[in-house]
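Colleague: Fold the following for me, if possible:
(one chain, ligands or ions: 1)
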Amino acid sequence: MKTSQNLIDRRRAVVARGVGQFAGDMTAVSANGARIVDADGREWIDFAGGIGVMNVGHCDPTVVAAIREQAGKLLHSSIHVATYEPYVELCEKLVELLPHGGPTKAMLVNSGAEAVENAVKIARQATGRSAILCYSEAFHGRTLLGMSLTSKTTYKIGCGPFAPEVYRLPFPDRFHRGVGLDEAAFVKRELERVESAFTNHVPAEHLAAVIIEPVLGEGGSIPVPFGYLRGLREICDKRGILLIIDEVQTGFARTGKWAAYEHAGVIPDISTWAKSMGGGMPISAVIGKAKIIDAALPGTVGGTYGGNPVACAAALATIKVMREQRFNERATIVGKTIRERFDRLKQKSEWVGDVRGLGAMVGLELCHDRDPARPAKEQLESVLAACRERGVLVIPASRLGNVLRVLCPLVITDGDLNKALTVIEESVLSLPQKANA
Ligand SMILES: Cc1ncc(COP(=O)(O)O)c(C=O)c1O
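Modeller: Purely as a prediction, here's the structure:
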């Protein structure tokens, strides 16, 4: 029996079924750059990046060296017990890289969901209000509050009751919700929807915060129109509502900037970070205006492991590598290559309904007759399976499971990038073209 199959059988015997798996029975033994080796010794081109975690590349040597060095010095002490330099240094670096419009502070935890939880607790303490406004198609994690803010029901079945005081608006998704409208008209209508929520769903003066992803990740690589984000900022300012931008998937060079909100020229009150910040180690951050962050009383945020020294060392090394090797520029180039190839594919295949994204965060949506209302989930599944057959690991996204999303490590070579794109292209083109007839 193949080693991969054996490992998968062992997983099935003892690992909880609820820990889902995105795409087939993939295994992993080692990885380097944008390549993964599975338990059978087969090499794959990685277009998933461990769900957007590996922007810096698998086992980057500077990151690995920093982990090794820190592991020999201090593995853990808990920031709640003793102050250690890697935690402080990482916060210094984060507030320097991502100032929130004046004095800025940060705190560290372990996962994206925890960052979101803590951001909400801080917003509630800072405003004295409890309600949170979020969006359809949003994904903010699998803790109870994270799930309450998350939209897709298949992530939530049987897990309720969910946290109260969570209100939801349709995500400003022009492909699905703006048919026939130009961007300005669409943004205007969607911002009016926010205002009308204050009389329909929740009074503005009850809202602590609005939380939004600048580009939907799990929701299908859908960017928020920049005008909408700017308008939302204005509404929040006018109404005393805090703006939380969730950069867990978009942050750290994915979109060609440290923060995707920079593209829109908007500064949030609070932001959340994880995934590619740690270069593969579990670490996350909440960053915000110092006055807001410090509204949280001592003891109300954090956790035993938050900002573990080894994870901090990995994050510091990741930032160093990204800065020195100009990762934001690289993401822009990688994204442009992907967009150009997908745009050409759209000309050739009637299954491609939409190509979209920001920087190197790109989605390809398959629909019957390119109709946003007729998702082609089965066809996407067969494309992903065909890619896997040919050694390209790529995962789906979107509420309806019909979007192929690219989250490849940004260190991917041009050769591997083009090879994987050719495999995707050929897999889409091999779908029956007259199937929609
Ligand atoms: C935007 C966003 N927020 C939060 C999370 C949750 O992060 P984690 O899985 O690390 O808890 C994710 C995970 O995909 C995400 O994409």
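Colleague: Show me which residues of the protein sit near the ligand.
Modeller: Applying C-beta under 6 Å from any ligand atom, we find that the chain lies next to the ligand at 51, 111-113, 116, 139-141, 213, 217-218, 246, 248-249, 274. No exception for glycine: its C-beta is placed from N, CA and C like everyone else's.
Colleague: where does whatever residue of the stretch 251-400 of the chain ends up closest to the ligand fall, phi/psi-wise?
Modeller: Minimum separation of the stretch 251-400 of the chain from the ligand (C-beta to the nearest ligand atom) falls at Ala274, amounting to 4.8 Å. With angles defined as degrees, to the nearest 10, Ala274 sits at phi -160, psi -140.
Colleague: contacting residues around the residue in the chain positioned nearest to the ligand?
Modeller: Residue nearest to the ligand within the chain (C-beta to the nearest ligand atom): Gly112, separated by 2.2 Å. Applying C-beta atoms under 8 Å, 6 or more residues apart in numbering, we find Gly112 in contact with His140, Gly141, Gly146, Asp246, Val248, Gln249, Thr272, Ala274, Lys275, Ser284.
Colleague: how does it look with 7 Å?
Modeller: For Gly112, the contacting residues are Gly141, Val248, Thr272, Ala274, Lys275, Ser284, taking C-beta atoms under 7 Å, 6 or more residues apart in numbering as the criterion.
Colleague: next one: Gly302
Modeller: Neighbouring residues of Gly302 by C-beta under 7 Å, 6+ apart: Ile79, His80, Met107, Val109.
Colleague: Among those residues, which lie within helices?
Modeller: Applying DSSP state H to those, no entry is found in helices.
Colleague: Please tell me which one of these counts the most neighbours.
Modeller: Val109 (26 neighbours; other C-beta atoms under 10 Å).
Colleague: do you know how far that residue is from Ile319?
Modeller: 18 Å (C-beta to C-beta, to the nearest Å).
Colleague: what's near enough to touch the closest residue to Leu108 other than its chain neighbours?
Modeller: Excluding its sequence neighbours, the residue lying closest to Leu108 (C-beta to C-beta, 6 or more residues apart in numbering) is Gly307, at 3.0 Å. Gly307 sits next to Ile79, Tyr87, Leu90, Leu108, Ile283 when contact means C-beta under 7 Å, 6+ apart.
Colleague: Kindly recompute the last result at 10 Å.
Modeller: 78-79, 84, 86-88, 90-91, 106-110, 283-285, 315 (C-beta atoms under 10 Å, 6 or more residues apart in numbering).
Colleague: ChimeraX command for the buried members of the residues you listed?
Modeller: Burial among the contacts of Gly307 is assessed by 16 or more other C-beta atoms under 10 Å; the matching ChimeraX selection reads:
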select :78,79,84,86,87,90,91,106,107,108,109,110,283,284,285,315
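Colleague: In strands only, show me the contacts of Gly307.
Modeller: Residues of the contacts of Gly307 located in strands (DSSP state E): Ala106, Met107, Leu108, Val109, Ser284, Ala285.
Colleague: Out of those, which is nearest to Ala373?
Modeller: Closest approach between the ones in strands among the contacts of Gly307 and Ala373, by C-beta to C-beta: Ser284, at 36.1 Å.
Colleague: Would you check how far apart the most centrally placed residue in the chain and Asp60 are?
Modeller: Geometric centre of the chain, nearest residue: Gln249, 1.9 Å, by C-alpha atoms, centre = their mean. For Gln249, the distance to Asp60 equals 19 Å [C-beta to C-beta].
Colleague: Go through the protein and flag its longest helix.
Modeller: The chain, longest helix under DSSP H: helix 327-348.
Colleague: and it, average pLDDT?
Modeller: For helix 327-348, mean pLDDT rounds to 98.
Colleague: Likewise for stretch 212-227?
Modeller: 98.
Colleague: Any idea how far apart the tips of it sit?
Modeller: Criterion C-alpha to C-alpha, to the nearest Å; first-to-last residue distance in stretch 212-227 is 14 Å.
Colleague: from the middle of its chain, how far away would it be?
Modeller: 9 Å (C-alpha atoms, centre = their mean, to the nearest Å).
Colleague: what do you get for stretch 375-387?
Modeller: For stretch 375-387 - counting by C-alpha atoms, centre = their mean - the centre lies 22 Å from the chain centre.
Colleague: Just the CA coordinates for it, please, in PDB.
Modeller: Taking C-alpha atoms only, stretch 375-387 is exported to PDB below (Å, rounded to 0.1, in the frame of the first residue of the first chain):
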ATOM      1  CA  PRO A 375     -22.500  28.300 -10.100                       C
ATOM      2  CA  ALA A 376     -20.500  25.400 -11.700                       C
ATOM      3  CA  LYS A 377     -19.400  23.600  -8.500                       C
ATOM      4  CA  GLU A 378     -19.100  20.100 -10.100                       C
ATOM      5  CA  GLN A 379     -17.000  21.500 -12.900                       C
ATOM      6  CA  LEU A 380     -14.700  23.300 -10.500                       C
ATOM      7  CA  GLU A 381     -14.300  20.000  -8.500                       C
ATOM      8  CA  SER A 382     -13.300  18.200 -11.700                       C
ATOM      9  CA  VAL A 383     -10.800  20.900 -12.600                       C
ATOM     10  CA  LEU A 384      -9.200  20.700  -9.100                       C
ATOM     11  CA  ALA A 385      -9.100  16.900  -9.400                       C
ATOM     12  CA  ALA A 386      -7.400  17.200 -12.800                       C
ATOM     13  CA  CYS A 387      -4.900  19.600 -11.400                       C
END
